[in-house]
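Q: Give me a model of this one.
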Amino acid sequence: MKKHVYSVGQVNTYIKNMFAQDFLLGRICVKGEVSNCKYHSSGHIYFSLKDSSGTIAAVMFAGSRKQGLKFRMQDGDHVAVDGSVEVYERDGRYQLYAREITLDGAGALFLRFEALKKELAEMGMFAPEYKRPIPRYIRRLGIVTAPTGAAVQDIRNISRRRNPYVQLILYPAQVQGDGAVESIVNGIRALEQIGVDTMIVGRGGGSIEDLWAFNEEEVARAIFECRIPVISAVGHETDTTIADYVADLRAPTPSAAAELAVYDYGQYCETVRLMGATLHMRMREHIRMERQRQEQLKIRLGYLSPQAVLHSKKQYLADLEEKLAQRMGLRMQESRHKIQLYAGRLEAGSPLKKLSQGFAFVTGANGTPVTSILQVQQTDLIDVRTLDGTIHARVLGTEPFPK
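A: Residues are numbered from 1 along each chain as shown. Take a look at the predicted model:
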């Protein structure tokens, strides 16, 4: 007997019709804790509802949000969802289509998160004064994450692209499930003991349950007590854990953590090249200015040097000597003129001149000049000096001029 063969689409359609005919699944209210809540750019909300026994995928379309959702739903919320359970025919899976969502109290994990966050904040573990600066230039980067997965690969790729000379030291940690907390703590302490320059602690994205190891107090204390600067890189940009608050720096993703930890070697070389060119240009300008200053000092030194001073003094003395010679010549000329005048006067009053004119010079016996008849008496001997000799005479008598 030939059996009947159905296509996948036929099977999915059949199951979908079965779900549609079930009255209970057509209008149902499901209560649980929200996880993996994602707001799509189209306006749809994709999330999961879970409890201790299982998980169901759910979606609320944009058209139902205005009337059916009165709050901002997020992971950890306890909610009651009114809607229908239907089969998504293309993928052959069923999910809960929400028409109305109401709060049913905060989730247990969210309450634990908020309580621990408050406790650690009061202890000062989030205080900025305890944050260590991330070194700008590192040689060894420690990584605490799973050895497989996108996180470690992203860090490797970014680090290799930015600086292939930075050594990466990976501690292959378990990042979720039983034993994850101890593994992460041991990784932080092991890399601290090795002595890396900076440490990245994190993992890729996931649900709040997947990331929960990074919300435990043991991990927070290990990060806080670590002497090495720690960059947290847990999940995606919208995911926030206790480790993010305690770490010295939070990166939105593992890739961003690698960007923050590893300096760009190419950019560094370009910066050094530009700085070298700038330094060379400034040195040339400085040398040019110094040479110009030296030339000015050389000119000033030429003015102030002893040789220049001696030349100047010699020139000054030569000028003085010339002026002195000129003045002495003038003085001598003036003196000669005066001497000529005085000589003329002297010559005019000279006894020889008088003698040559017929006058005589009379002296008494004792050589005293006789200028008056009262100085001699009759028979006194007198000497009469003429131009060519002396006449010895005797006074015969005297006769005064009539008055």
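Q: Neighbours of residue 102, how many?
A: 14 (other CB atoms under 10 Å). C-betas here are computed from N, CA, C, even on glycine.
Q: Ignore what I typed, I meant residue 389.
A: For residue 389, the count of nearby residues is 7 (other CB under 10 Å).
Q: do you know how far it is from residue 183?
A: 158 Å (CB to CB, to the nearest Å).
Q: Endpoint to endpoint, stretch 48-66 covers what distance?
A: End-to-end distance for stretch 48-66: 20 Å, by CA to CA, to the nearest Å.
Q: so where's the chain uncertain?
A: Applying pLDDT under 70 to the chain flags residues 1-3, 105-108, 111, 348-358.
Q: tell me how far the longest strand anywhere in the chain is from the chain's mean position?
A: Secondary structure of the chain per DSSP state E: the longest strand is strand 93-106. Relative to the chain's own centre, strand 93-106 is displaced by 55 Å; criterion: CA atoms, centre = their mean, to the nearest Å.
Q: buried sites along that strand?
A: Residues of strand 93-106 classed as buried: 94, 95, 96, 97, 98, 99, 101 (neighbour count, 16 or more other CB atoms under 10 Å).
Q: ditto for stretch 192-206
A: Buried positions in stretch 192-206, judged by neighbour count with 16+ other CB under 10 Å: 192, 196, 197, 198, 199, 200, 201, 202, 203, 204, 205, 206.
Q: again, but for stretch 179-186
A: Using 16+ other CB under 10 Å as the burial criterion, the residues of stretch 179-186 that qualify are 180, 181, 183, 184, 185, 186.
Q: of those residues, closest to residue 271?
A: Comparing the buried residues of stretch 179-186 against residue 271 with CB to CB places residue 184 closest, at 36.1 Å.
Q: can you tell me which residues contact the closest one?
A: The contact partners of residue 184, taken as CB atoms under 8 Å, 6 or more residues apart in numbering, are 144, 173, 174, 175, 201, 213, 214, 219, 222.
Q: distance between the host helix or strand of it and the chain's centre?
A: Assigned by DSSP states H and E, residue 184 belongs to helix 180-194. Relative to its parent chain, helix 180-194 has a centroid offset of 37 Å by CA atoms, centre = their mean.
Q: same thing with stretch 38-53?
A: Centroid separation for stretch 38-53 versus its chain: 48 Å, with CA atoms, centre = their mean.
Q: what does it rub up against?
A: Stretch 38-53 is touched from outside by 30-37, 55-62, 65, 69, 73, 79, 81, 96, 98, 207, with contacts defined as CB under 8 Å, 6+ apart.
Q: I figured residue 190 hits residue 171, correct?
A: Yes. Assessed by CB atoms under 8 Å, residue 190 is found in contact with residue 171 at 5.6 Å.
Q: From the contacts of stretch 38-53, which land in strands?
A: In strands, defined here by DSSP E, the members of these are 30-37, 55-60, 79, 81, 96, 98.
Q: Buried ones from these, can you make that a PyMOL selection?
A: Those of the ones in strands among the contacts of stretch 38-53 that count as buried under 16+ other CB under 10 Å are selected in PyMOL with:
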select buried, resi 30+32+33+34+35+36+37+58+59+60+79+81+96+98
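Q: Let me have the buried residues of stretch 192-206 in CSV, adding secondary structure and distance to residue 240 as columns.
A: Below are those laid out as CSV (DSSP: H, G, I helix; E, B strand; the rest coil; distance: CB to CB, whole Å):
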residue, secondary structure, distance to residue 240
192, helix, 24
196, coil, 25
197, coil, 26
198, strand, 21
199, strand, 19
200, strand, 17
201, strand, 15
202, strand, 12
203, strand, 14
204, coil, 15
205, coil, 12
206, coil, 13
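Q: so the residue nearest to the spatial centre of the chain, which of the three states?
A: By CA atoms, centre = their mean, the chain has its centre lying nearest to residue 275, at 12.7 Å. Using DSSP: H, G, I helix; E, B strand; the rest coil, the secondary structure recorded for residue 275 is helix.
Q: Quick check: the gap between it and residue 269.
A: Per CB to CB, residue 275 is found 11 Å from residue 269.
Q: Check residue 388 too.
A: Taking CB to CB as the measure, residue 388 and residue 269 are separated by 125 Å.
Q: neighbour-wise, which of the two wins?
A: Legend: neighbour count by other CB under 10 Å for residue 388 and residue 269, higher for residue 269 (10 against 7).
Q: wait, is that one part of a helix?
A: Yes. Counting by three-state DSSP, residue 269 falls inside a helix.
Q: Apart from its neighbours in sequence, what residue is nearest residue 89?
A: residue 12 (4.7 Å; CB to CB, 6 or more residues apart in numbering).
Q: Next, the angle from the helix or strand harbouring that neighbour to strand 93-106.
A: Per DSSP H and E: residue 12 is located in helix 8-21. Going by axes from the mean of the first three to the mean of the last three CA atoms, to 10 degrees, helix 8-21 is angled at 40 degrees with respect to strand 93-106.
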